[in-house]
Each structure stands twice: as C-alpha cells, then as structure tokens.
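**Student:** here is a sequence together with a model predicted from it:
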Amino acid sequence: MTSIETLSPAEAETALPDLAALLRACVLDGASIGFVLPFALSEAEAFWRDGLPALQSGARRLLVARHEDRIVGSTQVGLASPPNGRHRAEITKVLVHPDARRRGLGRALMLEAERVAAAEGRTLLILDTRADDAGEALYRALGYAVTGVVPDYACSPSGVPEACTFMHKRLPGAPRQFGA
C-alpha cells in the first residue's frame, strides 16, 4: 500500500538519506530538476539539508509517497511569498523514483499538494517543468494551463539547455485578502 504524507521538519531530517537517494535516482534517470551530472549523493543530501530551514519556518511543506516504508516520491509546496502574493503557492521538485513510475504516484502527490495549498488559503498554484516532458502531460491532465514556454531556460542533467514550460492552476475559492 502506498501512502502520501506531509513530513514534519524532524521527520524530514530523519529521512534525509532516503530523500537524497530518491533525488539522485531521478537525476541519474534524466529528470531535469536543477542538477547536472556528475551528481553525487552528498550533493543530493546537501539539497535536502539546505531546505530544512524553510520547513522549520513553515515557508515550505514536504510531501512524500511511501510504499512499504520506502520513500518513492516527493514534492514540495512553497508558501513563502511577498505580501502581495500570499494567495499563491509554488509546486516544486515533483519526484517519483524510476522504479515506482506509472502507478499514479505523481498524480497522488499533486492532488495532495493542491489540498495542502488550499488549506493554507492559496488559490493559485504555479510550477515549471521541462517542455514536452511526461510531467507536462500530467499537469495538463490535472487542469494546469500553460503560462508560457521559455527556450533554453535550464540545462538537462547532461548540461544541454532545454525549454521550460511555466504553468498555473486556479484552485476553487476566492483569493484570500491579506493585509489591511
């Protein structure tokens, strides 16, 4: 059985080795998620460790998919925004282990990320993905619209510049008013 859960900062710190292994497996499999080869496990661990303060402050939520006590997927919901953007959240680093793909985990992670964002009063979600990647098809199927495509935005793991598709989705409900 697979479960989706939000990790506390302490749970995330304990899970650093598993999260690092997940991230590294995805990059080695060709995921364009901000890293280039060679990509050592220590770099993956540093990425997750550097993100702990945002979890501790509440600026970010970390969701994981577990199958038989193993982390096989994750995503993050970024909630930090300037005062005029507190109605939006950013979905980042949607990862599914190569051995666990085609089982609906990406979809389940995204739906839970949307639920978490909505619970925080967020009505606009934004994300970016490699253009024409499997992720883009998933996000379109979940109702995300293309905001625009930027050519040569990021490099693939092999260092080749690739286009990036920026997407957004409005969640049900009126935007929450912040400030006076």
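**Tutor:** Noted; the coordinates are in hand.

**Student:** and the host helix or strand of residue 53, C-alpha only, in CSV?
**Tutor:** Using DSSP states H and E, residue 53 maps to helix 41-57. Extracted in CSV, the C-alpha atoms of helix 41-57 (Å, rounded to 0.1, in the frame of the first residue of the first chain):
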residue,chain,number,x,y,z
LEU,A,41,24.8,11.5,-3.2
SER,A,42,26.4,14.1,-1.0
GLU,A,43,25.0,16.9,-3.3
ALA,A,44,21.5,15.4,-3.0
GLU,A,45,21.8,15.3,0.8
ALA,A,46,23.0,18.9,0.8
PHE,A,47,20.0,20.0,-1.2
TRP,A,48,17.6,18.5,1.3
ARG,A,49,19.6,19.7,4.3
ASP,A,50,19.6,23.3,2.9
GLY,A,51,15.8,23.1,2.6
LEU,A,52,15.2,22.3,6.3
PRO,A,53,15.0,25.9,7.5
ALA,A,54,12.1,26.6,5.1
LEU,A,55,10.3,23.5,6.5
GLN,A,56,11.0,24.7,10.1
SER,A,57,9.7,28.2,9.4
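
**Student:** now the closest residue to residue 48 other than its chain neighbours, what's its secondary structure?
**Tutor:** Counting by Cβ to Cβ, 6 or more residues apart in numbering, residue 48 lies nearest to residue 19, which is 4.7 Å off, once chain neighbours are set aside. In this view, the C-beta of every residue, glycine as well, is placed from N, C-alpha and C. Here residue 19 is recorded as helix under DSSP: H, G, I helix; E, B strand; the rest coil.
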